[in-house]
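Q: Following is a predicted model, sequence given first.
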Amino acid sequence: MNRRFALLILLLVLLPTLAGAERRPDLVIVHTNDLHAHYRSFPARDGALRGGVARIATRIEALRAEHGERLLYLDAGDLFVGTPFYHFYRGSLGMAVLTAMGCDAMALGNHELDDGPVSFLRAAVGRPFAVLCANLDWADGTPLLPADARLSAGGLDIAVVGLVTDELPELVPCVARGELVVAAPATALRRWLAADRPAADLTIALSHCGLGQDRETAAAVGAPPLFIGGHSHSFVEAGERVGAVTICQAGASGYVLGVIECFRLPDGGWDFAPRLEPVTADWPEDPVVASLVAEAGRLVDREMEIALADLPEAFPALDKDSRPDPLGILVADLMRRRGGADLGLQNIGGYRGHLPAGTVTRGRLFELLPFDNLLLRLDLRGADLQALFDHLAANHAGGRFGQIAGGSYRIADGRAEDVRVGGASLDPAASYTLVTADFLYKGGDGYGFLQAATRVDTVPGLARDLLEARLRESPPPRPGDFAPNFLVAD
């Protein structure tokens, strides 16, 4: 009897586990975000091969074979800009890649608008998947894109609504100029939820707003139950709960693939089981997608495989938002020298990745400095420069920080102290010159105060061109060549 009783107890303990093992999801969502034209696999900092849309496509097809019509593929924006592929093909190749991968819907990202809305719409013509945004209109109030799409999967009716960050005026020139008008995501989402439309089995917010803004929107609105996000490049390993809302995001550049198993509850609600799957060289490449990328890459490679230099030391660009970064200082100093200015400023969002030791190719520079921003030489009063240094201090350890060359300062209580230019203390009444990207002058990253400049001149060349010319010179630059440009007070 004791043995039978023990077996009965064991069965009762295992029964929920056995039932869970047989539980099949009612819907499976695979998701990507912030691919940034990273169509090929690439070496990570540890040297291991990561990413690649052909590998992701293989995994999606395997999941589609397993789950059939219950699978959806969603992308949360910033497909454009980040590698030489974009410079050669602009957005058309990215749209072709998502089509070949079987994408069902995509959110508009801020970088989709870098070349203006007409360029984006031209690239999107004829794509078979929906591109969505509920909170961005033309100046006359006409929506730029559809707010939502209704998708069918596994016999379910799925409503997907697109959202983009309301920081667009600081990120995109056409929004800063007023050609397009963005609304707060929470405001637009409330309005969309309140509209009279047929009920869906599941509603999803496909958001390019960043993890922080998704948290705020989810807390303020409390719906829909699932946010699939992008913009902040956050690796949300198993989803994040904010009240009744689950938020997911899959890093950037195709390092990982997001997979969400969705289980319908008896009361009509949903239980989500998100995970991130590393995209490694162990995943084979889908031949169709691999062929598309290879064909497009032939033209790119002719220009981008040109070797520029052999670097004896790497410029790792680690913690560039919180520590003096030799790579950012190098680029800022090249700007300063080209413009014959007192100072150079490189925002940390304007350079991506790092420079490894060894051979550096032209393609590496296009990945490092992917934006074709004009360089401007600004005449500024010392008092306006103090505002610049205070902005840097206030944004220390944040995405709006920048690396400066030709000056130094100390950060104390969120302000800049002991500001020096060329070794001398900053004189509020004196006139100084600064070279930086037109993106910042136009208000990007909150630098709109630079428009106090009393004179603005264009500096020839792009930051990428200046860095290429420097790498071709001898001796090559080393991180130790660049003294720290700021310190943080204890």
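A: Nice, thanks for sending it over.
Q: Pop the domain breakdown of this structure in here.
A: According to automatic domain parsing, the chain is divided into the following domains: 23-298, 307-488.
Q: Save those domains as CSV, and put in mean neighbour count too.
A: C-beta coordinates here come from the backbone N, C-alpha and C atoms, glycine included. Shown next, in CSV, are the domains of the chain (neighbours: other C-beta atoms under 10 Å):
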stretch, mean neighbour count
domain 23-298, 20
domain 307-488, 18
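Q: Can you add mean pLDDT and give those back as JSON lines?
A: JSON lines is the format used below for the domains of the chain (pLDDT from 0 to 100):
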{"stretch": "domain 23-298", "mean pLDDT": "96"}
{"stretch": "domain 307-488", "mean pLDDT": "96"}
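Q: would you say E112 is within a helix?
A: Yes. Counting by DSSP: H, G, I helix; E, B strand; the rest coil, E112 is part of a helix.
Q: from what I can see it touches V118, true?
A: No. E112 is beyond contact range of V118, at 11.9 Å (criterion: C-beta atoms under 8 Å).
Q: State the helix or strand in which R275 lies.
A: strand 270-278 (DSSP states H and E).
Q: List the contacts of that strand.
A: Contact partners of strand 270-278, identified using C-beta atoms under 8 Å, 6 or more residues apart in numbering, comprise 25, 50, 59, 202, 225-226, 235-239, 246, 248, 250-251, 255-265.
Q: what packs against the next helix or strand after that strand?
A: Toward the C-terminus, strand 270-278 is succeeded by helix 287-304 as the next helix or strand (DSSP H and E). Applying 3 or more C-beta pairs under 8 Å, 6 or more residues apart in numbering; DSSP states H and E, we find helix 287-304 packed against helix 53-67, helix 84-89, helix 92-100, helix 362-368.
Q: Can you pull out the residues in contact with helix 287-304?
A: Outside helix 287-304, the residues that reach it (C-beta under 8 Å, 6+ apart) are 39-40, 53-54, 57, 84-85, 88-89, 93, 96-97, 100-101, 361-363, 366.
Q: Show me the contact partners of whichever helix or strand comes after that helix.
A: Using DSSP H and E, the helix or strand that follows helix 287-304 towards the C-terminus is strand 307-311. If you take C-beta under 8 Å, 6+ apart as the criterion, strand 307-311 is touched by 355-362, 365, 468, 471-472, 476-477.
Q: which strands and helices sit next to the helix or strand just after strand 307-311?
A: The first helix or strand that comes after strand 307-311 along the chain, using DSSP H and E, is helix 326-339. In terms of contacts (3+ C-beta pairs under 8 Å, 6+ apart), helix 326-339 is packed against strand 343-347, strand 375-381, strand 402-405, strand 431-437, strand 455-459, helix 463-471.
Q: Select, out of the ones you listed, the one closest to A489.
A: Closest to A489 of the helices and strands packed on helix 326-339, according to C-beta to C-beta: strand 402-405, at 17.5 Å.
Q: Parallel or antiparallel, list what pairs with the closest one.
A: Applying DSSP bridges, strand 402-405 is found paired with strand 343-347 (antiparallel).
Q: so where does V360 fall, helix or strand?
A: Using DSSP H and E, V360 maps to strand 358-361.
Q: Pull the residues that contact that strand.
A: Strand 358-361 is contacted by residues M304, E305, I306, A307, L308, A309, D310, L311, L471 when judged by C-beta under 8 Å, 6+ apart.
Q: Now flag whichever of the residues you listed is closest to A159.
A: The closest of the contacts of strand 358-361, once distances to A159 are taken by C-beta to C-beta, is M304, at 41.6 Å.
Q: What score does that closest one have for pLDDT?
A: pLDDT recorded at M304 is 94.
Q: who are the neighbours in contact with Y255?
A: So Y255 contacts A44, R50, G51, F235, P278, V279 (C-beta under 8 Å, 6+ apart).
Q: isn't the last one right up against V53?
A: No. Look at V279 against V53 with C-beta under 8 Å: they stay out of range, at 9.2 Å.
Q: between the two, what contacts are shared?
A: With C-beta under 8 Å, 6+ apart, V279 and V53 have common neighbours G254.
Q: Go ahead and confirm Q451 touches L440.
A: No. Judged on C-beta under 8 Å, Q451 makes no contact with L440 at a distance of 10.1 Å.
Q: which residues do these two both contact?
A: What both Q451 and L440 touch, as defined by C-beta under 8 Å, 6+ apart, is an empty set.
Q: any idea how far A149 is from I56?
A: 21 Å (C-beta to C-beta, to the nearest Å).
Q: end-to-end on stretch 131-141?
A: 18 Å (C-alpha to C-alpha, to the nearest Å).
Q: same check, this time on stretch 232-241
A: This stretch, stretch 232-241, spans 17 Å end to end (C-alpha to C-alpha).
Q: before we move on, what about stretch 273-292?
A: The first residue of stretch 273-292 is 33 Å away from its last residue (C-alpha to C-alpha).
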